[in-house]
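Visitor: Here's a sequence, model it:
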Amino acid sequence: MSGRATVSWQTSLADLSLILFMVTAAAVSTAPAPEEGGKAPAAMRQEIAGRSQRAEPLSVYIALPDAPPLAQWLTQQAPDPRQQLTITAPYEAARVQSRTAALEAALALAGEAREAGLAARIVLEPGQGVIRAELAFDAAGLPR
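Guide: Numbers count the residues shown, from 1 in each chain. So this is what the prediction gives:
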């Protein structure tokens, strides 16, 4: 006689649901309140909605001095009308000239992309790094 009880898929699903509930409750209980420097749920939704929708890039171009021109790089990629080209340019938040220089460099790359037959989305982000161009199947470019 076997002492092993059978477990159905419903029991496993209920266990996973309870674990998910406990993890969510623990995260909510440790989140700082708005008066303690945390964000209210409405402010969090606005912040998330303000970000651009970007998917995982399929191909990345980094604008280094020894890199080939963007137009040449684009001709080496597999063309797909569903792909979105995003040019991300970092800038130093404390310097206005840095933002202007980043925008000019991004516009120059967008011009190269236009010559290759692609429209580019430009994203300026505060931070360090080099200008990147990414091809991805972004949510904004897909039909609904």
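Visitor: make it CA atoms for all contacts and neighbour counts henceforth
Guide: Fine.
Visitor: pLDDT-wise, which helix or strand of this protein ranks last?
Guide: With mean pLDDT, DSSP states H and E as the measure, the helix or strand of the chain carrying the lowest mean pLDDT is helix 41-50 (a mean of 53).
Visitor: what's around Pro57, how many residues?
Guide: Residues contacting Pro57 under the criterion other Cα atoms under 10 Å number 16.
Visitor: what sits against it?
Guide: Glu134, Leu135, Ala136, Phe137 (Cα atoms under 8 Å, 6 or more residues apart in numbering).
Visitor: Please name the nearest non-neighbouring residue to it.
Guide: Spatially, and ignoring its direct neighbours in sequence, Pro57 is nearest to Ala136 (4.5 Å; Cα to Cα, 6 or more residues apart in numbering).
Visitor: What residues are bridge-paired with that neighbour?
Guide: Using DSSP bridges, the bridge partners assigned to Ala136 are Gln84.
Visitor: Now do the same for it: its pLDDT.
Guide: Note for Ala136: predicted pLDDT of 89.
Visitor: pretty sure it is in contact with Asp80, am I right?
Guide: No. In this structure, Ala136 is not within contact of Asp80 by Cα atoms under 8 Å, at 9.9 Å.
Visitor: So between the two, which is more surrounded?
Guide: The neighbour count for Ala136 versus Asp80, taken as other Cα under 10 Å, is higher for Ala136 (20 against 10).
Visitor: quick one, strands of this structure?
Guide: Assigned by DSSP state E, the chain shows strands spanning 59-62, 84-91, 120-126, 132-136.
Visitor: ranking these by burial, who's on top?
Guide: strand 84-91 (a mean of 23; mean count of other Cα atoms under 10 Å).
Visitor: which residues are in contact with it?
Guide: 98-99, 102-103, 105-106, 109-110, 118-138, 141.
Visitor: hang on, the earlier thing: tell me the spacing between the residue nearest to Pro57 and Gln77.
Guide: 11 Å (Cα to Cα, to the nearest Å).
Visitor: what's the burial count for Pro81?
Guide: Neighbours of Pro81 using other Cα under 10 Å come to 9.
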